[in-house]
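Asker: Sequence first, predicted model second:
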Amino acid sequence: MSEAVLSIRNLTVEIPTRGGILRPVDQINYDINRGEILGIVGESGAGKSMAGNAVIGLLNRPAKITGGEIWLNGTRIDQLEGEDMRRLRGKHIGMVFQDPLTSLNPLLRIGDQLTETMLEHLDISRDKARKRAAAALDEVGIPAAAQRLDSYPHEFSGGMRQRVVIALALCAEPSLIIADEPTTALDVSVQAQIIALLKRLCRDRGTAVMLITHDMGVIAETADRVAVMYAGRLAELGNVRDVVTHPEHPYTDGLMGSTPLASKGLKRLRQISGSMPRLTAMPEGCAFHPRCEFAQDICRAEPRPKLNGGRSACHFPIQQPAEETA
Amino acid sequence: MLAYSLRRLFQSFIVLLVVGLVAFSMFRFVGDPIDSLLGQERTQSDIERLRGELGLDDPFVVQYGAFLGRAVQGDFGLSYRQARPVAEIIAERAPATLELALVSAGFAMFFGVVLGIFTAIRRDGFAANAIMSVSLIGVSLPTFLIGILLIYLFSVELGWLPSFGRGDVVDLGWWTTGFATGSGLKALILPSITLGLYQMTLIMRLVRSEMLEVLRADYIRFARARGIREKSVNFRHALKNTLVPVITVTGLQLGSIIAFAIITETVFQWPGVGLLFINAIQFVDIPVMAAYLMLISVMFVAINLIVDLLYFAIDPRLRADRSGGH
Amino acid sequence: MADTTPAPKPRGRLAHWWDGDFAYQFRRSPVAIISFTVVMLMVLAAIFAPLIAPYDPFDPASLNLMNGFSSPMEPNAFTGETFWLGTDDQGRDVFSTILYGLRISLFVGAAAVGFAMVLGITLGLVAAYVGGWVETIIMRIADVQLTFPAILVAMLIFGVAKGITPVEYRDQMAIWVLIVAIGLSDWVQFARVVRGATLVEKNKEYVQAARLIGRGSGAIMLRHILPNVLSPVLVIATISLALAIIAEATLSFLGVGAPPTQPSLGTLIRIGQGFLFSGEWWILLFPACTLLALALAVNLLGDWLRDALNPKLR
């Protein structure tokens, strides 16, 4: 466990409601190592963001962690509260949100938002913080960085703002970055730049990245490993190359089939029939069985299959072609 | 910004012209000015002469213009009831009303903002809920009943504070102030609370709902995710954004404080302009009514303008958007 | 009579409504039920005031000055008569004056809101339908008027109307002047809502189709607009009613409203304030509490209606 920057063990998040307890995150496990980018994919509502929020301790009430453990650099953090958790945020875990247009406080200058964050976590003087703020802006590719410290967010374009957001998330040099759909709100032409920037910065600093997205394309280009989430559970976890080229879980297979990937050539896109079950109406057994073409009685009757160190949580993983089976 | 200010100035000017027209019509057509200026013993030639002197035979527009010209110079004619220049009577009474309004506005703003922030931050707390429930009753409570209640409690039962009048005032020649004496200050307490309570409730509810809205914003989440202290999140990040919309409404509320002073002044027999106005209505003293209408309109229009300009000072987005040519 | 399993039977319109979302929410909300009950009780008390009131406070024959200043629930020292809520200086039964005062307060409030509603809906429709400079003028007047507190506008209108009315009719006309003054101060919101809804409706296909085939679209539009604005108008009317009742009470309290010959709750409070220092608290307290309960109940009902009829806010 010492290798991993972040280890999640059997993490469960529950929301008590009048109709019963909902479980948006259900016993998930994964590690992220130093300098590694772990992609988390899944449809909206699969629990990707909820898991990220749980790690940084920003779950919206009444959602809360009800089981499992979160370890950061060998320290258990899921039970930290209030001030202890706050000191961790920004300093050890950074976060990048989806929409750069709303992530920055419109009434505070960029430089003030940067120095404020650094002064909070680093033991440096105001002048030093300002110099470092300019350097941080420069590093994320903002031209004439020193002059732009006094600009307000609205004076930047969307892509530039996301660069500022990344600078903010990284300015106290955290060991883990949670990027929650960092490119979804951006123009397609800007998306690739932002992803490349994030990738370069984290490689340089050895920062671990949890990259949450619903875009299999982004994962394929960026991540080292990928975790596929479905209805709050992990469906598949493995190296990006393996998962993309030979998905084991029928859901991953469907997901890949419905994503246009340049590497796969021009094939007709498939779609997965039906939709993800709502948290209030979770089926017995494997959550995917109502949509699965391979479903058998065991999928409906048995308790849900677990990953258990293997690659996919499925009773009938798709067999890999003989020549590539390890 | 200049173009915008000029447009606003022009609109204000139009409003004042319309109000002036209403005031003039009251002057001219309600109650016969000849009747009121000449007593019972009058001759036809007296009437003719006066009509000529007053310009009553001129075309309407000319008369209106003359009225406005006199109004700008502060000449509103003679009070029917007191047979003294209206301007003189109002100047005599204005300090009482302005001092009362000033203290009430300060009271309403200070407690409104403080309680609004408190109830927003401690949203689920017992005290916050109690304050909100009481404020609902406060909104339905007519001002004059609050005044009577306060008089009953603090003047009749406890005998701590005076129930009417301004107490001892110091005459500065052009201004009379109650701030300089103990009894003057004591006399201010009950009327100020009465007058300010309703506005305070409104400001409080507004600040609360705006603040709750802002606290849900992405940039607040992002600030939390960067580990910014709760105090700084609430007061540096959230409060400034809250105050932008609050300023308009608060500004307009301050205008109505002067108008609502009519009620408070009647309850406490406060010798201000409001009491003068009520007496003018009771005795159909048209010049006083017209003058009051004009004065209060100027005040409202001025407040509106100031509020608009304050916007620019607070919100950098507006400075950029409206300055044109950016 | 324990029918736990209601058999499906043909249901009337009323029953259907009772099962609807709106009625369901009503039954679920204690605040709504209580405030509705209070308002209904007060309305009934006002309507049947002559039947309920033990005395006719405005019939000089029934007044006995000896009964003056009787405390509540205590026999009068001179006459031995007992009055529930006491009497005022002239021996009038406070309970009876409150009932009659309530009658005037509610009547003025309801009539003023009705007047504001008719005026506002008409002007709103005209503004949206005619457009052009008519619309500009109407909406500009609305804007200017909104800048000033309604109570100030009402006072001015009252003052001007008083100036126009001949002296000998002033007291008689006061109630009607009051209705017009409060109504005129309150039409803007109705006009805005109706204009907004009409503008939306005006651009719908069926109106343009009607135009194309040369039909007047006005009548059809009206049939479509009215249902659309029904709930916002109802909400505004309820909240306006609370405001109008308070406005009336305030004006009367200030002495520029209902005259002492036709006292509303506000007038009664004005009279009662004179006895605050001499210890006859009941002359002030009971009318004040009645006004408070009425204003609060109507306000709460309005708040609840707004939430119930506006699913977006839920």
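Answerer: Yep, it's here.

Asker: Sheet partners, orientation included, of the host helix or strand of residue A:32?
Answerer: For residue A:32, the host element (DSSP states H and E) is strand A:20-33. Strand pairing for strand A:20-33, determined by DSSP bridges: strand A:4-17 (antiparallel).

Asker: what's around the nearest residue to residue C:308 once chain neighbours are set aside, how many residues?
Answerer: Distances taken as Cβ to Cβ, 6 or more residues apart in numbering or on different chains place residue C:25 nearest to residue C:308, at 4.9 Å, with adjacent residues excluded. Using the backbone N, CA and C atoms, a C-beta is placed for each residue, glycine as well. Residue C:25 has 15 neighbours, counted by other Cβ atoms under 10 Å in any protein chain shown.

Asker: before we move on, back to that, can you point out the buried residues in the strand holding residue A:32?
Answerer: Within strand A:20-33, the residues that count as buried by 16 or more other Cβ atoms under 10 Å in any protein chain shown are A:22-33.

Asker: rewinding a little: could you pull up the mean pLDDT of the helix or strand the residue nearest to residue C:308 falls within?
Answerer: Under the criterion of DSSP H and E, residue C:25 resides in helix C:21-28. In this model, helix C:21-28 has a mean pLDDT of 76.

Asker: Then stretch B:103-120?
Answerer: For stretch B:103-120, mean pLDDT rounds to 90.

Asker: can it be found next to chain A?
Answerer: No. Judged by Cβ under 8 Å from any Cβ of the partner chain, stretch B:103-120 stays clear of chain A, getting no closer than 15.3 Å.

Asker: Name the residues that touch that stretch?
Answerer: With Cβ atoms under 8 Å, 6 or more residues apart in numbering or on different chains as the test, stretch B:103-120 has contacts from B:127-128, B:131-132, B:188, B:191-193, B:195-197, B:199-208, B:211-212, B:215, B:234, B:239, B:242, B:246, B:250, B:253-254, B:257, B:261, B:264.

Asker: Filter the residues you listed down to the ones in strands?
Answerer: Per DSSP state E, strands hold no members of the contacts of stretch B:103-120.

Asker: Going along the chain from the helix holding residue C:25, find the next helix or strand for me.
Answerer: helix C:30-47.

Asker: Direction-wise, compare that next one with helix C:21-28 and give the angle.
Answerer: Orientation check (axes from the mean of the first three to the mean of the last three Cα atoms, to 10 degrees): helix C:30-47 against helix C:21-28 gives 90 degrees.

Asker: List the buried residues of helix C:30-47.
Answerer: Judged by neighbour count (16+ other Cβ under 10 Å), helix C:30-47 contains these buried residues: C:32, C:35-36, C:38-39, C:42, C:45-46.

Asker: Can you tell me which of those residues is closest to residue B:81?
Answerer: Nearest to residue B:81, judged by Cβ to Cβ, of these is residue C:46 at 36.9 Å.

Asker: Enumerate every residue touching that closest one.
Answerer: Neighbours of residue C:46 in contact, by Cβ under 8 Å, 6+ apart: C:99, C:102-103, C:105-107.

Asker: Also within reach of chain B: list those from those.
Answerer: Counting by Cβ under 8 Å from any Cβ, no member of these reaches chain B.

Asker: Just the closest of those residues to residue C:172, please.
Answerer: Closest approach to residue C:172 among the contacts of residue C:46 (Cβ to Cβ): residue C:107, at 15.1 Å.

Asker: Which parts of the chain are helices?
Answerer: Chain wasn't specified; assuming chain A. A:48-56, A:82-88, A:100-103, A:110-121, A:126-139, A:145-148, A:158-170, A:188-205, A:216-222, A:240-245, A:250-257, A:297-301 (DSSP state H).

Asker: could you do chain C instead?
Answerer: C:13-19, C:21-28, C:30-47, C:49-52, C:94-130, C:132-147, C:150-164, C:170-184, C:188-202, C:205-212, C:218-254, C:265-273, C:282-309.

Asker: picking up where we left off before, between helix A:48-56 and the strand holding residue A:32, find me the angle.
Answerer: Orientation of strand A:20-33 against helix A:48-56 (the same axes, to 10 degrees) gives an angle of 70 degrees.

Asker: Pull the distance from stretch A:61-73 to the chain's centre.
Answerer: For stretch A:61-73, the separation from the chain centroid amounts to 16 Å (computed by Cα atoms, centre = their mean, to the nearest Å).

Asker: So is that stretch next to chain B?
Answerer: No. Using Cβ under 8 Å from any Cβ, stretch A:61-73 stays clear of chain B, coming no nearer than 9.0 Å.

Asker: now swap in stretch A:141-157 and tell me
Answerer: Yes. Using Cβ under 8 Å from any Cβ, stretch A:141-157 comes into contact with chain B via A:152, A:154-155.

Asker: which other residues reach stretch B:145-164?
Answerer: Stretch B:145-164 is contacted by residues B:183, B:186-187, B:189-191, B:193-194, B:197-198, B:263-264, B:267-270, C:269, C:273, C:276-277, C:281, C:284, C:288, C:291-292 when judged by Cβ under 8 Å, 6+ apart.

Asker: Spatially, what comes nearest to the residue of the stretch 101-250 of chain B found nearest chain A if we skip its sequence neighbours?
Answerer: Proximity of the stretch 101-250 of chain B to chain A (Cβ to the nearest Cβ) peaks at residue B:227, 3.1 Å away. Spatial nearest neighbour of residue B:227, excluding adjacent residues (Cβ to Cβ, 6+ apart): residue A:90 at 3.1 Å.

Asker: What are the buried residues along the helix of greatest length in chain B?
Answerer: Of all the segments of type helix in chain B, defined by DSSP H, the longest one is helix B:86-121. In terms of neighbour count (16+ other Cβ under 10 Å), helix B:86-121 has its buried residues at B:86-87, B:89-90, B:93-105, B:107-109, B:111-113, B:115-121.

Asker: likewise stretch C:219-237?
Answerer: C:221, C:224-225, C:228-229, C:231-233, C:235-237.

Asker: Export those residues to CSV and append columns for pLDDT and distance to residue B:284.
Answerer: Converted to CSV, the buried residues of stretch C:219-237 look like this (pLDDT from 0 to 100; distance: Cβ to Cβ, whole Å):
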residue, pLDDT, distance to residue B:284
C:221, 69, 44
C:224, 72, 47
C:225, 72, 42
C:228, 73, 44
C:229, 76, 39
C:231, 78, 42
C:232, 82, 38
C:233, 86, 36
C:235, 84, 37
C:236, 86, 33
C:237, 89, 32
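
Asker: Show me just the buried residues among the contacts of stretch B:145-164.
Answerer: Neighbour-count burial (16+ other Cβ under 10 Å) is assigned, among those, to B:187, B:189-191, B:193-194, B:197-198, B:263-264, B:267-268, B:270, C:269, C:273, C:276, C:281, C:284, C:288, C:291-292.

Asker: quick one: which of the helices of chain A is nearest chain C?
Answerer: helix A:100-103 (21.4 Å).

Asker: model confidence over the closest one, on average?
Answerer: 86.

Asker: With respect to the helices of chain C, which exhibits the lowest mean confidence?
Answerer: Among the helices of chain C, helix C:13-19 carries the lowest mean pLDDT (a mean of 67).

Asker: ok, and the closest non-adjacent residue to residue C:251?
Answerer: Per Cβ to Cβ, 6+ apart, closest to residue C:251 is residue C:257, 3.5 Å.

Asker: List the contacts of the residue lying closest to residue B:268 once chain neighbours are set aside.
Answerer: Excluding the flanking residues, the one nearest residue B:268 by Cβ to Cβ, 6+ apart is residue B:191, at 4.6 Å. Listed by Cβ under 8 Å, 6+ apart, the contact partners of residue B:191 are B:100, B:104, B:147, B:264-265, B:267-268, B:270.

Asker: Would you mind listing the two of the residues you listed that lie farthest apart?
Answerer: Greatest spacing in these, by Cβ to Cβ: B:104 and B:267 (13.2 Å).

Asker: burial measure for the closest residue to residue B:119 other than its chain neighbours, as a count.
Answerer: Among residues not flanking residue B:119 along the chain, residue B:128 sits closest, at 4.2 Å (Cβ to Cβ, 6+ apart). By the criterion of other Cβ under 10 Å, residue B:128 has 17 neighbours.
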